[in-house]
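Trainee: With the input below, show me the fold.
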Amino acid sequence: MWPRIGDLRTLSLGTPGEMRSRLNTLVLSGVKTATAGLLSEYAEEGEELEYVGERLALVDDHDRLVGVVEVTGVEVVRFADVTWDFARSEGEGDRDLDEWRTGHRNFWAREGSTVTDDTSVVCVRMRLVSAGAGGTDTGDLGT
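Mentor: Purely as a prediction, here's the structure:
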């Protein structure tokens, strides 16, 4: 199961370190309004998919609360069917869909998952509800 802060499931983007810090900054600045995960990861972790209206605690490398996001959309699609509109919403600077696909395939391969065109991807859209300075283990940050 994913860690919780209060009643909120946590959202830990990317891998710890520079990547997570960069992705969190993109969310907190309003640039990153989507994220993708592998459906198989949910099964491995025993987690349900996010749902529209759910609020998630955005966390840093130490599972400390840095912000709260609200899920505005969830869709499960084949990797080959992820749209450019969604990929661009991830806000990570990819210039086109091929670059997004290559980057995500490489990321998931480093994490031990082989991704094919038929791999199921969970596409989550979100909006920032509140942001904090970090270092908070509990508290509502406007939740």
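Trainee: can you list the residues that contact stretch 32-46?
Mentor: Stretch 32-46 is touched from outside by 1-2, 11, 13, 23, 26-27, 48-49, 72, 76, 82, 86, 89-92, 104, 108, 113, 115, 119-127, with contacts defined as CB atoms under 8 Å, 6 or more residues apart in numbering. Bear in mind the C-beta positions are built from the backbone N, C-alpha and C, glycine included.
Trainee: Show me the residues you listed that map onto helices.
Mentor: Filtering the contacts of stretch 32-46 for membership in helices, criterion DSSP state H, returns Leu23, Leu26, Val27, Phe86, Ser89, His104, Trp108.
Trainee: Output the residues you listed as TSV; include the columns neighbour count and pLDDT.
Mentor: Listed next are the ones in helices among the contacts of stretch 32-46 as TSV, based on neighbours: other CB atoms under 10 Å; pLDDT from 0 to 100:
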residue	neighbour count	pLDDT
Leu23	22	96
Leu26	18	96
Val27	23	97
Phe86	22	98
Ser89	19	97
His104	20	97
Trp108	20	97
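Trainee: Which one of those is nearest to Gly132?
Mentor: Proximity to Gly132 was ranked across these by CB to CB; first place goes to Val27, at 12.4 Å.
Trainee: which two from the ones in helices among the contacts of stretch 32-46 end up farthest apart in space?
Mentor: Once CB to CB is applied, those give Val27 and Trp108 as the farthest pair, at 20.0 Å.
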